[in-house]
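In: below are the sequence and a predicted model; questions follow.
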Amino acid sequence: MAVSSQKTSSTRALTDSELTDSSGAWAREARMTASKRAQAAGLPQRRDEYWKYTRPDAFVQADVTLQASLRTSLGLFDRRTTVSVGFGDGKIQAAALPSAVHCTLESLASASVLDLHWARDVYGRLEAAGQKPVERSLAAVNTAIAREGLLLNVTGAVEAPIHIHATSSGHSDAIIHHVIKVAEGAAVTLIETGQYGARSNIVLEVDVADGGRFHHIRVQDGNERHMLTHIFGKIGAEATFKSFTLTSGVELTRNECVLQLLGDNASVSVAGACLGDRDFHHDDTVFITHDAVNCESRQVFKKVLRNGAVGVFQGKILVKAGAQRTDGYQISQSLLLDDDSQFLAKPELEIYADDVACSHGSTSGAIDEQALFYLRSRGVPEAKAVDLLTLSFVAEAIEEIEDEDLAQDILDHLTETLSAR
Amino acid sequence: MAMDDIQVKDGVDAETVEAVKALSGTYKYGWNTEIEMEYAPKGLSEDIVRLISSKNDEPEWMLDWRLAAYRRWLELIEPDWAMVDYPTIDFQDQYYYARPKSMEEKPKSLDEVDPKLLETYKKLGIPLKEQALLAGVEAPEGERRVAVDAVFDSVSVGTTFKAELRKAGVIFCSISEAIREHPELVRKYLGSVVPVSDNYYATLNSAVFSDGSFVYIPPGVRCPMELSTYFRINAENTGQFERTLIIADKDSYVSYLEGCTAPQRDVAQLHAAVVELVLLDDAEIKYSTVQNWFPGDENGKGGIYNFVTKRADCRGDRSKVMWTQVETGSAVTWKYPSCVLRGDDSQGEFYSIAIANNMQQADTGTKMVHLGKNTKSRIVSKGISAGKAQNTYRGLVSMHPKAKNSRNYTQCDSLLIGDKCGAHTVPYIEVKNNSSRVEHEATTSKVDDDQLFYCRSRGMDEEEAVALVVNGFCKEVLQALPMEFAMEAQALVAISLEGSVG
């Protein structure tokens, strides 16, 4: 299919009046403006610099046939007490969502029919702010047409993590839009596991007010799936934002994370580890804007690739004029387990303030033969030794998870995934 | 400055030292030479391309080549991906050919060259004479001699030491002469590294280049002296489009230096050059540039727009190329000296200092394309931003599937002086096999307060202290330069930063 015809068909779909069907006032406005944004920007094209290493085709084509399996990280985090929210084929499963102290949980489906809702101040707003300097039109498409998602209004320190667990039969498209508002001094941990659909377009908008804390842990797996996610975060003074993603098995993933540090002394971390095999194509695209004094940002990405898998990292730190005493750190590393796999990276710095310490590092290489030899000489079988070295390679990314219990769960899951390969 | 301590031994050195000493104010090369010039009509068209070709007495094939490039150029769109911002260039509001009237009859030797031109180069610190030889005296033992090809606006005014180089089998002349005298070499290699349709500015250059330098080093020859080209833009509203082609045949070696200056003018001027290096088996080329085009004034008025395509093709096994550049001039710099590491075990190195002060904008870096097995590359880039300048490192390291066991190490550091400037890093890393290792590191920081304080406490004023710290920051690159160049570069670093503190 020609790229131009995709463009017309998808944008035409957006002008349908269905867009605002059964939308309350706030949702109608948000959806209409997002639709205009998406149409003005047009869909991503293969030649766009921003899509240099990942073809956008799979995300914009009208039809794709995927044979996605049901198995998805079952049992992970079961030992922990969580507030669980189930998604089945892109819909929230329970009629009544659970409740938690200091936090309201609502579905986008039910909130969007109201004329007034707190989500109005966040929904589509952070996404719109994230359209510069690069247009992310597929996120605007999501804002315009998403009908389901979880809305969290966090007003205090929420003890148990909120756990979204998604399953799908494997043929459907899922367009999900979550909104999270963390009030001043409030704190919440969000866990996302499973797959929303065979092909998913997920947007997560997070507004963290001054002194708020938001932790996010995400596990993406299940085979033959295409996944496009966007996180748009607005971070206030003294606030913390941490997001970690583990990806394995998904065929095509593009995880974008766009964060704006707008208050002084804030701290953010975006990390990811992935295990890729065969047709696996994994793209982490991160854009962090420092627009306040004395903030810290960290990007830590580790990719283990084999049998022709492709790992992509596009990371950028933008330090605006006046954002003095910025500490920006960025590392992207790949471990190529064979000769067919690829690592493609574009780690960028754009800096307009002088009192900063920003650094980025990027490496690519094979497994350390000496370390492998050492382990084998100690009687560790080769496959096991490779697994151990793989685990130690991704450890730095997992260390970005603050909650030690959850980090341990991730590590256990990873060990299990590796030994099952 | 500690220049007084340097023992002046002989002509060349003395003048170099003088030149360095002279570098004590702001832009020192801003004067122009009053000389009668001959221009081609303003604007760009097929007729102008034909005119340039006929002025150089070119054969038919060269004209056809140019015309094909020109037609191709008409179809291209000016690139806008670099982080530089400048008013739209009116390509019809330029002169594409300007030569001193006195050059109409090609001087047969340097003695016949217009004294005004010789004076110009003397004032620039570039001696266009072969004193030692002319006086019939052998050069003192161990003295470094440098052969110069001097390009003034659109023409080469003279090349020194030609005869002596000829004895060694080395061909060093202007490219226009090479097209006439050595068509077999030019036809074989011109455009083979940077194809006619490579990019907008390279295509433009292919159509309208007027002169430049040509070097051929035969197999097994180590070039007996350093070769250099000095580019001077003098005429107003004139673009300089020079073309350099260096061929290092099997097992040969050459060190090549390049310098550039231009008068201070209110109107920005265009410079679009192409440099092609060809390296056969075991050949080695060292290419050093001190780019000091007029950078424009502190309000961004005037200056050179410098759009340069430089590329080395390491065709032969075990060949080695080293690019070293000190970029202090130009209002806008768009330049990425690259290495195609085609031969097995070939090596590419890139050392760069880019200083942007006042309103300067620099977008520069390199491409290391690893195609052959066991290829190695190293990138050391030091970017310094001051005033309201923007300085970008942009680079590519690409390991192709067949480039087994290759290595790359990249280090790009940026230094910011003042809070109105910007420093950016845009590296691309593409690894397509697992036996190769790629390492990339980048840092951005400001001038260290402790170091400054230490220097100040020893009695240095702030500007001296900054210059010293910056020179330390650039050390790895300065060390890669030939000695005379390193001295000049060091002084340039200090001058370029003048007015950036306080």
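Out: The structure has been received and is ready for your questions.
In: how about the residue in chain A positioned nearest to chain B: what's its closest non-neighbour residue?
Out: Nearest residue of chain A to chain B: A:L336, at 3.4 Å (Cβ to the nearest Cβ). C-beta here means a position set from N, CA and C on the backbone, and glycine is covered the same way. The shortest distance from A:L336 to any non-neighbouring residue, by Cβ to Cβ, 6 or more residues apart in numbering or on different chains, is to B:N434 (3.4 Å).
In: same check, this time on A:D279
Out: Leaving aside its sequence neighbours, A:D279 sits nearest to A:E251 (Cβ to Cβ, 6+ apart; 5.3 Å).
In: and for that neighbour, the neighbour number?
Out: By other Cβ atoms under 10 Å in any protein chain shown, 20 other residues sit near A:E251.
In: most centrally placed residue in the chain?
Out: No chain specified, so I'll use chain A. A:N255 (4.5 Å; Cα atoms, centre = their mean).
In: meant chain B, my bad for not saying
Out: Chain B, centroid-nearest residue using Cα atoms, centre = their mean: B:T289 at 4.2 Å.
In: that one and chain A: what is the separation?
Out: Distance of B:T289 to chain A, given as Cβ to the nearest Cβ, to the nearest Å: 25 Å.
In: what's the answer for B:E38, then?
Out: From B:E38 to chain A the distance is 44 Å (Cβ to the nearest Cβ).
In: picking up where we left off before, find the helix or strand that the residue nearest to the centre of chain A is a member of.
Out: strand A:252-261 (DSSP states H and E).
In: pull the helix or strand that that strand is followed by out as CSV, backbone CA atoms only.
Out: Next helix or strand after strand A:252-261 toward the C-terminus (DSSP H and E): strand A:267-277. Provided in CSV are the C-alpha atoms of strand A:267-277 (Å, rounded to 0.1, in the frame of the first residue of the first chain):
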residue,chain,number,x,y,z
SER,A,267,14.4,14.2,39.4
VAL,A,268,13.4,11.8,36.6
SER,A,269,14.6,8.4,35.4
VAL,A,270,13.5,6.5,32.3
ALA,A,271,15.0,3.1,32.0
GLY,A,272,14.5,0.0,29.9
ALA,A,273,15.8,-3.5,29.3
CYS,A,274,14.9,-5.7,26.4
LEU,A,275,15.5,-9.2,25.3
GLY,A,276,15.1,-9.5,21.5
ASP,A,277,15.0,-12.5,19.3
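In: helices or strands next to strand A:267-277 in the packing?
Out: strand A:240-248, strand A:252-261, strand A:281-290, strand A:296-306, strand A:310-319, helix A:382-398, helix A:404-420 (3 or more Cβ pairs under 8 Å, 6 or more residues apart in numbering or on different chains; DSSP states H and E).
In: now those as JSON lines including distance to A:A183 and mean pLDDT?
Out: Formatted as JSON lines, the helices and strands packed on strand A:267-277 follow (distance: least, Cβ to Cβ, whole Å; pLDDT from 0 to 100):
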{"stretch": "strand A:240-248", "distance to A:A183": "14", "mean pLDDT": "96"}
{"stretch": "strand A:252-261", "distance to A:A183": "18", "mean pLDDT": "97"}
{"stretch": "strand A:281-290", "distance to A:A183": "23", "mean pLDDT": "97"}
{"stretch": "strand A:296-306", "distance to A:A183": "22", "mean pLDDT": "97"}
{"stretch": "strand A:310-319", "distance to A:A183": "27", "mean pLDDT": "96"}
{"stretch": "helix A:382-398", "distance to A:A183": "29", "mean pLDDT": "95"}
{"stretch": "helix A:404-420", "distance to A:A183": "23", "mean pLDDT": "91"}
